[in-house]
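Enquirer: Sequence plus predicted model, see below.
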Amino acid sequence: MTIKKLIASLALGAAFSLSAAAAYADGIGASLLTQQHPFYIELANAMTAEAKAKNVPLEVSIANQDLNKQLADVEDFIVKGVSVIIISPVDSQGVVAAIAKAEKAGIKVITVDVPAAGVKVTSHIGTDNFTGGIQAGDLMAKEIGDKGNVAIIDYPTVQSVVNRIEGFKKSIAGHPDIKIVAQQTGITRAEALAAAQNMLQANPDITGIFGFGDDAALAAAVAVKAAGLESQVKVIGFDGMEEARKAVDSNPVMVGVIQQFPDQMGKVAVDTAVKVIAGEDVPAEQPIVPGVYTKK
């Protein structure tokens with residue numbers, strides 16, 4: 001290659017880089033925890049629709065519950081020079097360094113659904129999970145007659161779930177004749193099924209199971225049926241997706257689910273990002289109060 005051609009090639013590459021950066025200058029990068037759950041499908045769809053309505057560029061990457069993938073996606077957004085990154089952390093602690101790096105690069109960060117632990121972000125939009133946990137505990141107490149032994153299926157590395165469990169425990173603490181006798185992690189539906197089976201075998205007198213999410217609760221309901229304990233054990237979930245709501249309507253074991261509103265979260269997240277890009281102030285916390293779905 002001649003010097004003249006080399007200079008031309010470098011100039012073309014630089015121009016391309018500048019045009020690519022310009023394309024993302026007022027854009028949003030979103031790293032979502034998964035697309036294997038209806039909640040996150042609805043969240044992503046709402047974000048995409050709102051970005052289109054607001055005529056703002058949005059690129060969505062899916063971490064598939066892999067922290068390394070999420071960290072790489074955030075790094076990619078930083079290189080592209082987006083104005084705002086929206087993130088639902090795979091790991092509330094593990095994502096902190098990536099958020100700090102984005103902020104250092106002048107990119108504002110908004111968390112949605114799952115908060116980050118120990119780091120300040122521009123805004124967090126998510127369900128008031130602690131209140132939802134209290135709602136779940138109150139419903140459990142009502143459904144089991146204010147007495148009995150209950151179990152919890154957990155996902156301890158996600159802060160939003162930690163808040164749900166804390167709320168549930170606070171509610172149960174107000175009912176002296178209810179005791180939490182078991183708590184096990186069950187992140188996927190298969191893991192939750194195994195956790196529920198283990199807890200039922202070890203504690204055959206369990207009268208209630210709280211699943212941190214719909215998958216956990218639906219798996220627990222399967223375990224209860226397999227153990228022949230339909231008349232004894234009540235299950236309550238959290239998320240409120242269609243499959244869980246249908247189970248509440250038709251399955252006597254599933255007595256209720258705390259219902260989140262991912263469509264609202266997605267819309268508010270993009271609207272907040274647009275305001276940030278425009279230089280407007282936004283609330284640091286934007287909690288969305290969940291509902292309680294019980295049999296029709």
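Expert: In hand now; what should we look at? Numbers count the residues shown, from 1 in each chain.
Enquirer: So which residues of the chain form helices?
Expert: 3-24, 38-53, 67-80, 96-104, 129-143, 159-173, 189-202, 214-226, 242-250, 262-277 (DSSP state H).
Enquirer: In JSON lines: the ones you listed, plus mean pLDDT, mean neighbour count and distance to residue 113.
Expert: (Each C-beta comes from the backbone N, C-alpha and C, glycine too.) Output for the helices of the chain, formatted as JSON lines (pLDDT from 0 to 100; neighbours: other C-beta atoms under 10 Å; distance: least, C-beta to C-beta, whole Å):
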{"stretch": "helix 3-24", "mean pLDDT": "47", "mean neighbour count": "11", "distance to residue 113": "24"}
{"stretch": "helix 38-53", "mean pLDDT": "94", "mean neighbour count": "18", "distance to residue 113": "7"}
{"stretch": "helix 67-80", "mean pLDDT": "96", "mean neighbour count": "18", "distance to residue 113": "13"}
{"stretch": "helix 96-104", "mean pLDDT": "94", "mean neighbour count": "16", "distance to residue 113": "15"}
{"stretch": "helix 129-143", "mean pLDDT": "97", "mean neighbour count": "22", "distance to residue 113": "9"}
{"stretch": "helix 159-173", "mean pLDDT": "96", "mean neighbour count": "21", "distance to residue 113": "6"}
{"stretch": "helix 189-202", "mean pLDDT": "97", "mean neighbour count": "19", "distance to residue 113": "19"}
{"stretch": "helix 214-226", "mean pLDDT": "97", "mean neighbour count": "25", "distance to residue 113": "14"}
{"stretch": "helix 242-250", "mean pLDDT": "96", "mean neighbour count": "16", "distance to residue 113": "17"}
{"stretch": "helix 262-277", "mean pLDDT": "97", "mean neighbour count": "22", "distance to residue 113": "6"}
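Enquirer: Out of the ones you listed, the one nearest residue 117 is which?
Expert: Distance to residue 117, taken as C-beta to C-beta, is lowest for helix 159-173 among these, at 5.4 Å.
Enquirer: returning to what we had before: right, so of the helices of the chain, which gets closest to residue 90?
Expert: helix 67-80 (4.7 Å).
Enquirer: Pull out the C-alpha coordinates of stretch 216-235 and format them as PDB.
Expert: Extracted C-alpha coordinates of stretch 216-235, given in PDB (Å, rounded to 0.1, in the frame of the first residue of the first chain):
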ATOM      1  CA  ALA A 216     -39.800 -20.800  41.800                       C
ATOM      2  CA  ALA A 217     -43.400 -20.800  42.800                       C
ATOM      3  CA  LEU A 218     -44.600 -22.800  39.900                       C
ATOM      4  CA  ALA A 219     -41.900 -25.400  40.600                       C
ATOM      5  CA  ALA A 220     -42.900 -25.500  44.200                       C
ATOM      6  CA  ALA A 221     -46.500 -26.200  43.200                       C
ATOM      7  CA  VAL A 222     -45.300 -29.100  41.100                       C
ATOM      8  CA  ALA A 223     -43.300 -30.500  44.100                       C
ATOM      9  CA  VAL A 224     -46.300 -30.100  46.400                       C
ATOM     10  CA  LYS A 225     -48.500 -32.000  44.000                       C
ATOM     11  CA  ALA A 226     -45.900 -34.800  43.500                       C
ATOM     12  CA  ALA A 227     -45.700 -35.100  47.300                       C
ATOM     13  CA  GLY A 228     -49.500 -35.400  47.600                       C
ATOM     14  CA  LEU A 229     -49.700 -32.400  49.800                       C
ATOM     15  CA  GLU A 230     -52.200 -30.300  47.800                       C
ATOM     16  CA  SER A 231     -54.600 -30.000  50.700                       C
ATOM     17  CA  GLN A 232     -51.800 -28.900  53.100                       C
ATOM     18  CA  VAL A 233     -49.400 -26.600  51.400                       C
ATOM     19  CA  LYS A 234     -50.100 -23.100  50.000                       C
ATOM     20  CA  VAL A 235     -47.700 -21.500  47.500                       C
END
